[in-house]
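Novice: Output the structure for:
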Amino acid sequence: MMNKHFVLATSLVLSMLLTAIPFCSSSTTSKRYHFNVEWKNITRLCSRKAILTVNGEYPGPTIAVNEGDDVEIKVTNGVSINTTIHWHGIKQLRTGWADGPAYVTQCPIKPGRSYTYKFTVTGQRGTLWWHAHIAWQRATVYGAIIIYPHLPYPFAAPIEAEIPIIFGEWWNLPVEGIEDEMYKYGSGPNSSDAYTINGLPGSLYPCSVQGT
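Specialist: This is a model prediction of the structure:
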């Protein structure tokens with residue numbers, strides 16, 4: 001069973017609007033991205049370990065599209081295990097094979113192989129998220145999806161910047177081991193060692209940057 005805190009924490013993506021010129025889109029365009037799934041060594045809570053990332057980023061890159069855009073995202077699997085990506089909350093209208101859950105809507109992307117997800121963002125706006133959808137890879141493979149509306153923002157003051165805020169969890173041990181242990185003993189997963197905001201633990205955790 002998936003840790004309920006993990007599901008709630010990592011599936012919560014908020015967009016903080018800090019004061020940017022109202023965005024307006026009137027035509028459909030194509031947005032293309034390239035995701036490389038790869039290992040990267042990072043340090044959190046005084047220890048260093050290798051985690052799965054996209055393009056070496058944790059969290060992964062933000063996808064910014066307009067309502068009505070056609071989206072193509074080529075995912076190259078640069079590690080020795082299977083992977084997939086799920087575009088959480090995106091309505092896959094006639095593009096169910098682009099939804100991403102392994103063994104459900106698509107075969108996993110094998111090591112050294114690539115797969116291009118193609119879908120159109122129809123009738124949606126706001127901030128969603130994407131994440132790996134096989135085993136516990138979503139613990140570190142995730143990022144934000146920002147869908148800009150056709151109409152300008154209904155705010156009197158112009159917006160100067162947008163900062164996606166992504167809540168997550170951090171385990172000092174490899175998440176693959178936690179998953180194996182859970183299946184082996186039939187118990188729930190171990191509690192995470194820290195909660196994170198945009199991949200960083202708060203300043204009350206050891207070895208964290210003050211002011212996070």
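Novice: what's near enough to touch the residue lying closest to Gln137 once chain neighbours are set aside?
Specialist: Among residues not flanking Gln137 along the chain, Leu52 sits closest, at 5.5 Å (CB to CB, 6 or more residues apart in numbering). In this view, the C-beta of every residue, glycine as well, is placed from N, C-alpha and C. With contacts defined as CB atoms under 8 Å, 6 or more residues apart in numbering, Leu52 is in contact with 37-39, 79, 83, 132, 137, 140-141.
Novice: Repeat the analysis, applying 6 Å as the threshold.
Specialist: Contacts were defined as CB atoms under 6 Å, 6 or more residues apart in numbering; by that measure Leu52 touches 137, 140-141.
Novice: then stretch 56-66 to CSV, C-alphas only?
Specialist: In CSV, the C-alpha atoms belonging to stretch 56-66 read as follows (Å, rounded to 0.1, in the frame of the first residue of the first chain):
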residue,chain,number,x,y,z
GLY,A,56,19.7,16.0,-13.7
GLU,A,57,17.1,18.2,-11.9
TYR,A,58,15.3,17.5,-8.6
PRO,A,59,12.5,18.2,-8.8
GLY,A,60,12.4,17.9,-12.6
PRO,A,61,11.9,20.7,-15.2
THR,A,62,8.6,22.6,-15.3
ILE,A,63,6.5,22.2,-18.4
ALA,A,64,4.8,25.5,-19.4
VAL,A,65,2.1,25.3,-22.1
ASN,A,66,-1.0,27.2,-23.2
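Novice: Buried by neighbour count: which residues of it qualify?
Specialist: Neighbour counts using 16 or more other CB atoms under 10 Å place 58-66 of stretch 56-66 among the buried residues.
Novice: Make JSON lines out of those and add secondary structure and pLDDT.
Specialist: Converted to JSON lines, the buried residues of stretch 56-66 look like this (DSSP: H, G, I helix; E, B strand; the rest coil; pLDDT from 0 to 100):
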{"residue": "Tyr58", "secondary structure": "coil", "pLDDT": "97"}
{"residue": "Pro59", "secondary structure": "coil", "pLDDT": "97"}
{"residue": "Gly60", "secondary structure": "coil", "pLDDT": "97"}
{"residue": "Pro61", "secondary structure": "coil", "pLDDT": "97"}
{"residue": "Thr62", "secondary structure": "coil", "pLDDT": "96"}
{"residue": "Ile63", "secondary structure": "strand", "pLDDT": "96"}
{"residue": "Ala64", "secondary structure": "strand", "pLDDT": "95"}
{"residue": "Val65", "secondary structure": "strand", "pLDDT": "96"}
{"residue": "Asn66", "secondary structure": "strand", "pLDDT": "94"}
